[in-house]
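> The sequence and its predicted three-dimensional model are supplied below.
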Amino acid sequence: QVQLVESGGGLVQAGGSLRLSCAASGSIFSINAMGWYRQAPGKQRELVATIASTGSTNYADSVKGRFTISRDNAKNTVYLQMNSLKPEDTAVYYCNTNLLKWELAVLKQYDYWGQGTQVTVSS
C-alpha cells in the first residue's frame with residue numbers, strides 16, 4: 001500500500017505565506033512526477049504545479065512567480081512554497097504522485113492522491 005500524508009495548510013492573511021508538504025510512503029519502487037492540485041468550492045479541481053523526477057517544473061499561470069514546487073527524492077516528499085497569497089488561492093490542496101510499484105513481480109504505474117489540506121486566505 002502507498003500513503004500520501006499532507007501537512008501545512010491553514011488560515012493566513014492576504015500577502016502571507018504557507019508551505020505545504022506531502023510525504024509518500026509504502027511499497028514504492030520509484031516516483032515519477034509529483035504535484036499539487038486545488039479545488040475551490042463549486043469549482044473543478046485544477047493543476048497548481050508539478051515537478052518531474054528530473055526536477056523540471058510546471059505551474060499554472062495564476063501562481064507563477066508566487067508559488068514554488070520542490071521535492072526531496074530521498075524522503076519521497078514534495079513541497080509547495082506559497083508566497084503573496086491571495087483570497088482566490090483559497091481551496092483544498094491535494095498532493096498527487098505518479099509512481100511505480102511492484103505488483104505480482106510486475107512493475108506497474110499508479111496515481112495516488114493525498115487526503116487534501118485546507119488553505120484559507122483572508123482579505
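Now that the structure is in, tell me what you want to look at.

> Could you state which residue of the chain sits nearest its centroid?
The structure's the chain has its C-alpha centroid closest to Trp36; by CA atoms, centre = their mean the separation is 2.7 Å.

> That one looks like it's in a strand, true?
Yes. Under DSSP: H, G, I helix; E, B strand; the rest coil, Trp36 sits within a strand.

> Mind listing what's buried along the longest strand belonging to the chain?
Ranked by residue count under DSSP state E, the longest strand found in the chain is strand 91-103. Applying a neighbour-count criterion of 16 or more other CB atoms under 10 Å, the buried positions in strand 91-103 are Ala91, Val92, Tyr93, Tyr94, Cys95, Asn96, Thr97, Asn98, Leu99, Lys101. Glycine gets a C-beta too; all of them are placed from N, C-alpha and C.

> The residue nearest to Thr77 when sequence neighbours are not counted and Lys43: what is the separation?
Beyond its immediate neighbours in the sequence, the residue positioned closest to Thr77 (CB to CB, 6 or more residues apart in numbering) is Ala23, lying 4.6 Å away. Taking CB to CB, to the nearest Å as the criterion, Ala23 is separated from Lys43 by 27 Å.

> Much appreciated, bye for now.
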